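Colleague: no letters, just coordinates:
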């Protein structure tokens, strides 16, 4: 068993500076001490990306840099050390790009730097390594706070709690303990095949994310989508409801669809499944050509749109794929 650990930046390896936390900890020495005397001693290698970032600065270019590193450093399993702020976006992005890959990827990080008193860094890294070496993990998963979660089903729920992530619409893949408890949650198997041959690299794309609030006007909505983006995610109410009585509101979205811009309706609820025909206030969105995000998280929805746009898909093609799973994200 060979496990490759890839450090991308983030709190886990940061140290204090006059301008706040920055990368700079002796991560290699810390990891060596952490694994001393364990079954994993001698089987884990560490590589740091050339460009270490706070994950708040992450872009699709950084997703691609991680994917390149995964392909470059051959191993039986991988652990990616990542900042928590955009970890769920990266987990979703990697899951779409790695369908059909046999080696599991487990993403983790920490709320506190490895040198801070009471840090969760060691616990999370050991948990991720345990999952990666278990022979049971598949696809891309996220380990945090004693739970192994399907990577493209996660969202960050706390900026301070050690249980910082959740998969609100599906159960955990596993719960750490003595012994670990593994659940039979559907994940892409090793026999899975990507529906996209010769995957194109991730690139930045102009995807607008708009939260609805009571009283939003058609004029404000129109301003938010001017100039016209490549795709739009509308975070609506409940199961995908919008202010259908607001004059011109639905028409703005319909005009986008007719212009070839995919409009995806998501929910502001942490737990929800978008059903556009359940209420009149959602049915009008379906009639305008919008497509629902089903039970996908915002992170999974956004990363999926960027993935599809990066493959060169447009308009109706994207709308069709938003309804179909690529990596068990819905």
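Modeller: Cool, got the structure. Just so you know, these numbers come straight off a predicted model, no measurement behind them.
Colleague: how about residue 201, nearest residue that isn't a chain neighbour?
Modeller: residue 64 (5.0 Å; CB to CB, 6 or more residues apart in numbering). For the C-beta atoms, the positions are set from N, CA and C on the backbone; glycine is no exception.
Colleague: burial count for the one you found?
Modeller: 17 (other CB atoms under 10 Å).
Colleague: I'd guessed it sits against residue 202; true?
Modeller: Yes. Using CB atoms under 8 Å, residue 64 makes contact with residue 202 at a distance of 4.4 Å.
Colleague: related to what we said a few turns ago, what pLDDT does the residue nearest to residue 201 get?
Modeller: At residue 64, the pLDDT value in this model is 98.
Colleague: quick one: it is in a helix?
Modeller: Yes. Read with DSSP: H, G, I helix; E, B strand; the rest coil, residue 64 is one of the residues of a helix.
Colleague: got a list of what residue 35 touches?
Modeller: 41, 44, 129 (CB atoms under 8 Å, 6 or more residues apart in numbering).
Colleague: how many residues are close by the last one?
Modeller: Residue crowding around residue 129 was assessed by other CB under 10 Å; the count is 25.
Colleague: helix or strand: which one has it?
Modeller: helix 121-132 (DSSP states H and E).
Colleague: show me what that helix is packed against.
Modeller: In this structure, helix 121-132 makes packing contacts with strand 3-7, helix 27-35, strand 77-81, strand 105-108, strand 140-144, judged by 3 or more CB pairs under 8 Å, 6 or more residues apart in numbering; DSSP states H and E.
Colleague: list the buried residues of it.
Modeller: Buried positions in helix 121-132, judged by neighbour count with 16 or more other CB atoms under 10 Å: 121, 123, 124, 125, 126, 127, 128, 129, 130, 131, 132.
Colleague: test my guess that the first one contacts residue 12.
Modeller: Yes. Shown here, residue 121 and residue 12 form a contact pair, counting by CB under 8 Å, at 4.9 Å.
Colleague: residues touching residue 286, list them.
Modeller: With CB under 8 Å, 6+ apart, residue 286 has these contacts: 276, 277, 292.
Colleague: let's see that with 6 Å instead.
Modeller: Taking CB atoms under 6 Å, 6 or more residues apart in numbering, we find residue 286 in contact with 276, 277.
Colleague: which SS state does it fall under?
Modeller: With three-state DSSP as the criterion, residue 286 reads helix.
Colleague: if I look at it, how far off is residue 261?
Modeller: Counting by CB to CB, to the nearest Å, the gap from residue 286 to residue 261 is 16 Å.
Colleague: confirm residue 69 sits in a strand?
Modeller: No. Per three-state DSSP, residue 69 lies outside any strand segment and is helix.
Colleague: could I get the full set of strands for the stretch 201-330 of the chain?
Modeller: Secondary structure of the stretch 201-330 of the chain (DSSP state E, counting those that start in this stretch): strands at 207-211, 231-236, 263-267, 291-292.
Colleague: can you lay out the helices and strands packed on helix 121-132 as TSV showing mean pLDDT and distance to residue 182?
Modeller: As requested, these are exported to TSV (pLDDT from 0 to 100; distance: least, CB to CB, whole Å):
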stretch	mean pLDDT	distance to residue 182
strand 3-7	98	19
helix 27-35	96	23
strand 77-81	98	16
strand 105-108	98	14
strand 140-144	98	12
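Colleague: those into TSV, with extra columns for distance to residue 322?
Modeller: Converted to TSV, the helices and strands packed on helix 121-132 look like this (distance: least, CB to CB, whole Å):
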stretch	distance to residue 322
strand 3-7	30
helix 27-35	38
strand 77-81	26
strand 105-108	24
strand 140-144	19
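Colleague: residues in contact with residue 110?
Modeller: 11, 12, 120, 121, 124.
Colleague: if you set the cut-off to 10 Å instead, what comes out?
Modeller: Taking CB atoms under 10 Å, 6 or more residues apart in numbering, we find residue 110 in contact with 10-14, 81, 83-84, 116, 119-125, 144-145, 162, 164.
Colleague: what do you get for residue 153?
Modeller: So residue 153 contacts 88, 91-92, 95, 141-142, 165-173, 185, 187, 295-297, 299-300, 328-330 (CB under 10 Å, 6+ apart).
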